[in-house]
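*Asks:* Return atomic coordinates for the entry below.
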Amino acid sequence: MTTVLVRPRVHPRLHRVRARWGWGLGALAVVVWSLAGAGAFSGEVTNPAGTAQFGRFAAAALSPALDGAFLRVLADSVLVTVAYAALGAALAIGLGAVGAVALARTTWGRRRAGWTLARGALAVPRGLHEAVWGLLLVNLLGLDPWVGVLAIGIPYGAVTAKVFADLLDEVPRGAYSALLAAGAGRATAALYGLLPPASGGLLSYSFYRLECAVRSAVVLGLIGAGGLGYQLSLSFSSLRWEQVWSCVYALALLCLAADAGGRAVRRRVASPRASGDRLRRDPALTTAVAVVLAGVGWSWWYLAISPATLVSDRTGAQLAYVLSAAWPPDVDGPLLSAVATAAVDTVQMSVIAIAVATLGAVLLAGVAARPARASAGRRLAGAVVRLGLLLLRAVPPPVWALVLLFVLLPGVLPGALALGVYTLGVLGRLAAEATEELDPRPRAALTALGAGPVGGWLYGVLPAATGPVLAFALYRWEVAIRDTVLVGLLGAGGLGALLASRVAAFDWGAVTTVLAALVLLTAAVDLVSARARAALR
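*Replies:* Take a look at the predicted model:
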């Protein structure tokens, strides 16, 4: 007689709980490992000699430079930044519109292999930060305005193409199929059958890209492209703290204007009454689009963009030289060892940054959220916190790294904390918005039973907000792994520092190896992040 042992089935809910605990403990272990690798538990990490300089920097926040000569320079810098952002976003949207046709499942039908290859081809432009593109393009075009425009347009274009394709794939297929059955071509059917119902999402995402382009234009200024970032770098290097704070406040106002304008457009598009026909007749949206298009034309004139630069003999010769020198990649043992070490530093930097940002976002989300009913003091506190988060995300990570180097010794830790401070500004806003969208009834019930504000938040809000906040944090981890390049370019370590040193030495074979490592590391982090988000659902 044979006895068959049947393994009892694990309840799906218990399986999800175990998976979440596994991911949670694994994340905690990775954070501790990252902190240990950054030297947080061993040796000196602070720089007492820089405390006095940091005090002078902080004190200057109350007395920014307001003299006429500097304000004129600052105004010119703002215009340059806006021009780069407008042209870069316009190029990204144009590339995204063309690329969406090549990436949409509708285009390929059942030919899944072609669709997979098309999506895989965008891994390189999406995986490289715009600062990396700027660093490479400077070696091809010099300090030409095209550097800033292309550095924003190329990676943003790849991302926009993917998002646009997903939006087109999600709309109903009825009109598209009817047009095909009537004999229309695929392009015509997509133009009249898919574009109108997807127009709201496409418009909303286009304005979001314009917001992001403003911040990217500031970052590119730090590597010599001009604008507010360049002026901020000059003032910082000359220790003129009053000018630095004037630049920071100008950055905050510019980012606030971009955020407010983009949010207003997205809310109007997301209105339940919005439709393709209503959107076309909406005077506010029509005006917004017209203003942006006029801004793109003005930016072309203001920056004196010349297409001849891209097809000049010098550009062609330099491109041919770089491509020939960059292939094949350098695979020497010492370089591969340095790449592996730098990749570990990059991962640790990004993990610390996300851990700091997530902790701060959880602590500040309740205060930063806009409740439906609140006292005047509560509203004032929320406005102050939201303004602080705006300042955190308005200042680029390299500037935060320079500030932290006043009180911390050079290494991975100041770069990680700089990224964490910047990411807190972004993640704090997302966490606050997620908190605003939660069901208010559990907290109201606890308050009615006598719970205080802290207890109501801990038991009525935090459990429900944990999932969305962690999902946002994992998304931001994917961005942070790219942003490590920014602080790495200033010597904070990681693949960014290694890339900067190889580009400075014109070692193009090694540059190709480092870029390949960046793309592979980004893809690996994207995969891990996607698996972790799936476990949270």
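*Asks:* hey, where'd the helices end up in the stretch 151-300 of the chain?
*Replies:* 174-181, 186-193, 195-220, 228-237, 241-269, 276-281, 283-302 (DSSP state H, counting those that start in this stretch).
*Asks:* With the stretch 1-150 of the chain instead?
*Replies:* Counting by DSSP H, counting those that start in this stretch, the helices of the stretch 1-150 of the chain are 12-37, 51-59, 68-103, 105-108, 112-121, 123-127, 130-141, 145-170.
*Asks:* Now do the residue lying closest to Ile93 once chain neighbours are set aside, the pLDDT please.
*Replies:* Of all residues beyond its chain neighbours, the one nearest Ile93 is Ser206 (5.2 Å), with distances taken as CB to CB, 6 or more residues apart in numbering. (C-beta placed from N, C-alpha, C; glycine too.) pLDDT for Ser206: 77.
*Asks:* still on that earlier bit, show me the one of the helices of the stretch 1-150 of the chain that comes nearest Val503.
*Replies:* Each of the helices of the stretch 1-150 of the chain has some distance to Val503 by CB to CB; the shortest is helix 130-141, at 5.8 Å.
*Asks:* just the CA coordinates of that closest one, formatted as PDB?
*Replies:* Extracted in PDB, the C-alpha atoms of helix 130-141 (Å, rounded to 0.1, in the frame of the first residue of the first chain):
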ATOM      1  CA  GLU A 130      20.300  63.800 -19.100                       C
ATOM      2  CA  ALA A 131      23.500  65.000 -17.400                       C
ATOM      3  CA  VAL A 132      25.400  62.000 -19.000                       C
ATOM      4  CA  TRP A 133      24.000  63.000 -22.400                       C
ATOM      5  CA  GLY A 134      25.100  66.600 -21.700                       C
ATOM      6  CA  LEU A 135      28.600  65.400 -20.800                       C
ATOM      7  CA  LEU A 136      28.900  63.400 -24.000                       C
ATOM      8  CA  LEU A 137      27.300  66.100 -26.300                       C
ATOM      9  CA  VAL A 138      29.700  68.700 -25.000                       C
ATOM     10  CA  ASN A 139      32.600  66.700 -26.500                       C
ATOM     11  CA  LEU A 140      30.800  66.600 -29.800                       C
ATOM     12  CA  LEU A 141      29.200  70.100 -30.100                       C
END
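*Asks:* orientation of that helix relative to helix 68-103 in degrees?
*Replies:* Orientation of helix 130-141 against helix 68-103 (axes from the mean of the first three to the mean of the last three CA atoms, to 10 degrees) gives an angle of 100 degrees.
*Asks:* list the contacts for Val421?
*Replies:* Going by CB atoms under 8 Å, 6 or more residues apart in numbering, Val421 touches 356-357, 392, 397, 400, 404.
*Asks:* give me that answer again for 10 Å
*Replies:* Applying CB atoms under 10 Å, 6 or more residues apart in numbering, we find Val421 in contact with 353, 356-357, 360, 391-393, 395, 397, 400-401, 403-404.
*Asks:* do Ile154 as well
*Replies:* Counted by CB under 10 Å, 6+ apart, Ile154 has contacts 88, 91-92, 95, 124-126, 128, 130, 133, 137.
*Asks:* By neighbours, which of these wins?
*Replies:* Gly88 (30 neighbours; other CB atoms under 10 Å).
*Asks:* if you skip the residues just before and after it, what's nearest to that residue?
*Replies:* Closest to Gly88 by CB to CB, 6+ apart is Ile152, at 2.7 Å.
*Asks:* isn't the one you found right next to Ser216, touching?
*Replies:* Yes: under the criterion of CB atoms under 10 Å, Ile152 makes contact with Ser216 at 5.0 Å.
*Asks:* so what sits against both of the two?
*Replies:* Common neighbours of Ile152 and Ser216, counting by CB under 10 Å, 6+ apart, are 84-85, 88-89, 92, 130, 133-134, 209.
*Asks:* With pLDDT as extra columns, can I get the residues you listed in TSV?
*Replies:* Below are those laid out as TSV (pLDDT from 0 to 100):
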residue	pLDDT
Tyr84	89
Ala85	88
Gly88	89
Ala89	88
Ala92	88
Glu130	82
Trp133	84
Gly134	83
Arg209	80
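*Asks:* which residues sit in contact with Val331?
*Replies:* Here Val331 is in contact with 339, 509-510, 512-513 (criterion: CB under 10 Å, 6+ apart).
*Asks:* Look at it and give its secondary structure.
*Replies:* Following DSSP: H, G, I helix; E, B strand; the rest coil, Val331 is assigned to coil.
*Asks:* Report the two of the contacts of Val331 separated the most.
*Replies:* Of all pairs drawn from the contacts of Val331, the greatest distance, 12.4 Å, lies between Val339 and Gly509 (CB to CB).
*Asks:* overlap in contacts of those two?
*Replies:* By CB under 10 Å, 6+ apart, Val339 and Gly509 have these common neighbours: 330-331.
*Asks:* Between these two, which has more neighbouring residues?
*Replies:* The neighbour comparison of Val339 against Gly509 (other CB under 10 Å) goes to Val339, with 22 against 16.
*Asks:* What mean pLDDT does the one helix or strand the more buried one maps to get?
*Replies:* Val339 belongs to helix 333-368 when elements are defined using DSSP states H and E. In this model, helix 333-368 has a mean pLDDT of 84.
*Asks:* Contacts only, for the residue nearest to Ile93.
*Replies:* With contact taken as CB under 10 Å, 6+ apart, Ser206 is in contact with 89-90, 92-93, 96-97, 160, 163-164, 262, 265, 289, 292.
*Asks:* Could you do Leu518 as well?
*Replies:* Listed by CB under 10 Å, 6+ apart, the contact partners of Leu518 are 124, 127-129, 132, 339, 342-343, 346, 481-482, 484-485, 494-496, 498-499.
*Asks:* quick one: it and Tyr156, what's the gap?
*Replies:* Note on Leu518: its distance to Tyr156, by CB to CB, to the nearest Å, is 17 Å.
*Asks:* one step back: after the helix holding Val339, next one along is what?
*Replies:* Counting by DSSP H and E, the next helix or strand C-terminal to helix 333-368 is helix 376-394.
*Asks:* and the next element down the chain from that next one?
*Replies:* Scanning forward in sequence from helix 376-394 by DSSP H and E, the next helix or strand is helix 397-404.
*Asks:* tally of neighbours for Ser337?
*Replies:* Around Ser337 there are 10 residues (other CB under 10 Å).
*Asks:* Surely Asp483 touches Ala353?
*Replies:* Yes: Asp483 is within contact range of Ala353, at 7.9 Å (criterion: CB under 10 Å).
*Asks:* What is the most widely separated pair among the contacts of Ile154?
*Replies:* Maximum pairwise distance among these (CB to CB): 18.4 Å, between Gly88 and Val124.
*Asks:* okay if I get the helices of the stretch 1-150 of the chain as a markdown table plus distance to Trp298?
*Replies:* Formatted as a markdown table, those follow (distance: least, CB to CB, whole Å):
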| stretch | distance to Trp298 |
| --- | --- |
| helix 12-37 | 45 |
| helix 51-59 | 36 |
| helix 68-103 | 7 |
| helix 105-108 | 35 |
| helix 112-121 | 34 |
| helix 123-127 | 27 |
| helix 130-141 | 22 |
| helix 145-170 | 14 |
